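got a predicted structure here, sequence first:
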Amino acid sequence: MRLKSGNRTRTALLLIAPFVICYLVVFAYPVYKMFAMSFTDAPLIGEGEWVGLDNYIRMFQNKLFYTSVYNTLYFVVLTVVPNTLIGLGIAMMIVRLNGWVQASILILFFMPYILPVTVVTQIWQWVLDQQFGIAQPLIEAVVGKRVSVFRDPFWAMPMVAVVTIWWTNGFNVLLFVSALRNIPRDYYEAASLDGATRLQQFRRITWPLLWPVTALVLTLQLIMQLKIFDQIYLMTQGGPFNSTYVLLQLVYREAFGRNQGGYASAVAVALFVIIVAVSILQYQLLKARGK
């Protein structure tokens, strides 16, 4: 029995060894180096001298840091909950379809998610172009004039949020469709026999049973949108007037633009702390709501 137990242990260790090695090399060691570099004046590549908390003091004295934190949180507000609700609404319409029609509509909504960010941003720059964009007549009908949306501080961040929701919503739709299919139809049939309306069925059956998936989608969206960078970099470069400047762009500028790896690491640590803190807060709120 001891020999058999030892064989099982060695087999288990061999099976998990590739994951553990990859985890240590790809995640754990870089995170450690990030924390270590944040207390030095190291360049992007190479070692530096210990400076203690100087990078953090400098960061908290930098107005651009507070601007980037505000813009990042503003983007989260514009995307996380709307993206989740839109995905849920689309999924509830899709599950009412059948056969190839349902599959075709689901593919149609999921297709943007597989596109690279460069293609997505290029498409929307064409769509929103001030002179030739096909969306400009709609904007003109609403505000009375054509708007260069990515050069206007009021429009820039909301438009980046719209592009992000269009791009990433397909994944949320797929999760919600899978969850809706797992709800037994017997529940709805019994509720209909009792005279429950569609709204009552949603409130008493669909929403409670969908809550675990909804919490998962909200958490994934929160973490992903706090790390916003690609769309901002390709569409607005942080402008106009720093109205779309986000934390990861500050990290990129300090690390790759100014070769200040230590200071960039301090900003990255701040972003890491924000993601952990906001994620824990959201988890506790969702847990309390689930109960």
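Great, that's in hand.

center of the protein, which residue is that?
Met224 (2.3 Å; C-alpha atoms, centre = their mean).

contacts only, for that one.
If you count contacts by C-beta atoms under 8 Å, 6 or more residues apart in numbering, Met224 has them with Thr168. For glycine as for every other residue, the C-beta is placed from the backbone atoms N, C-alpha and C.

and the longest helix along the chain, how far out from the chain's middle?
For the chain, the helix with the greatest residue count under DSSP state H is helix 63-94. Per C-alpha atoms, centre = their mean, to the nearest Å, the displacement of helix 63-94 from the mean C-alpha position of its chain is 8 Å.

stretch 282-291 too?
Distance, stretch centre to chain centre, for stretch 282-291: 19 Å (C-alpha atoms, centre = their mean).

just the buried residues of that stretch, please?
Neighbour counts over stretch 282-291 (16 or more other C-beta atoms under 10 Å) mark 282, 286 as buried.

any low-confidence regions in the protein?
1-6, 289-291 (pLDDT under 70).

quick one: Trp65 from Leu226, how far?
To be clear, residue 65 is Phe; Trp isn't right here. To Leu226, Phe65 is 15 Å away according to C-beta to C-beta, to the nearest Å.

please identify which of the two sits among more neighbours.
In this view Phe65 and Leu226 are compared by other C-beta atoms under 10 Å, and Leu226 has more residues nearby, 21 against 18.

and the residue nearest to that one when sequence neighbours are not counted, helix, strand or coil?
Nearest non-adjacent residue to Leu226, counting by C-beta to C-beta, 6 or more residues apart in numbering: Ile275, 5.1 Å away. At Ile275 the chain is in helix, as set by DSSP: H, G, I helix; E, B strand; the rest coil.

and Ile275, how many neighbours?
16.

host element of the closest residue in space to Leu88 that isn't next to it in sequence?
Nearest-residue entry for Leu88: Phe176, 5.3 Å, with adjacent residues in sequence omitted and distances by C-beta to C-beta, 6+ apart. Using DSSP states H and E, Phe176 falls within helix 156-181.

for Ser265, same thing?
Going by DSSP H and E, Ser265 is part of helix 261-290.

between that helix and helix 63-94, how many degrees?
Following axes from the mean of the first three to the mean of the last three C-alpha atoms, to 10 degrees, one obtains 40 degrees for the angle between helix 261-290 and helix 63-94.

please name every helix or strand in contact with helix 261-290.
Counting by 3 or more C-beta pairs under 8 Å, 6 or more residues apart in numbering; DSSP states H and E, the packing neighbours recorded for helix 261-290 are helix 29-37, helix 54-60, helix 63-94, helix 207-226, helix 247-252.

between helix 261-290 and the fourth one, find me the angle.
So the one you mean is helix 207-226. 170 degrees.

which parts of helix 207-226 are buried?
Quick answer for helix 207-226 (16+ other C-beta under 10 Å): 210, 213-215, 217-218, 220-226.

can you tell me which of the residues you listed lies closest to Val142?
Val142 lies nearest to Gln225 out of the buried residues of helix 207-226, by C-beta to C-beta, at 25.4 Å.

could you verify my assumption that the closest one touches Phe75?
Yes. Counting by C-beta atoms under 8 Å, Gln225 does reach Phe75; the two are 6.1 Å apart.

still on that earlier bit, from the contact counts, what lies against the longest helix of the chain?
Under the contact definition 3+ C-beta pairs under 8 Å, 6+ apart, helix 63-94 sits against helix 99-110, helix 156-181, helix 207-226, helix 247-252, helix 261-290.

who wins for proximity to Val81 among those?
Closest to Val81 of those, according to C-beta to C-beta: helix 207-226, at 7.5 Å.

output that closest one as CSV, restricted to C-alpha atoms.
The C-alpha trace of helix 207-226 is given here as CSV (Å, rounded to 0.1, in the frame of the first residue of the first chain):
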residue,chain,number,x,y,z
TRP,A,207,-32.2,35.9,-12.2
PRO,A,208,-31.6,33.9,-9.1
LEU,A,209,-30.4,30.9,-11.1
LEU,A,210,-28.2,33.1,-13.3
TRP,A,211,-26.6,34.9,-10.4
PRO,A,212,-23.4,32.7,-10.1
VAL,A,213,-22.7,33.2,-13.8
THR,A,214,-23.5,36.9,-13.5
ALA,A,215,-21.1,37.3,-10.7
LEU,A,216,-18.4,35.5,-12.7
VAL,A,217,-19.0,37.8,-15.7
LEU,A,218,-18.9,40.9,-13.6
THR,A,219,-15.6,39.8,-11.9
LEU,A,220,-13.9,38.9,-15.3
GLN,A,221,-15.1,42.2,-16.8
LEU,A,222,-13.8,44.2,-13.8
ILE,A,223,-10.3,42.7,-14.0
MET,A,224,-10.1,43.0,-17.7
GLN,A,225,-11.3,46.6,-17.9
LEU,A,226,-9.0,47.8,-15.1
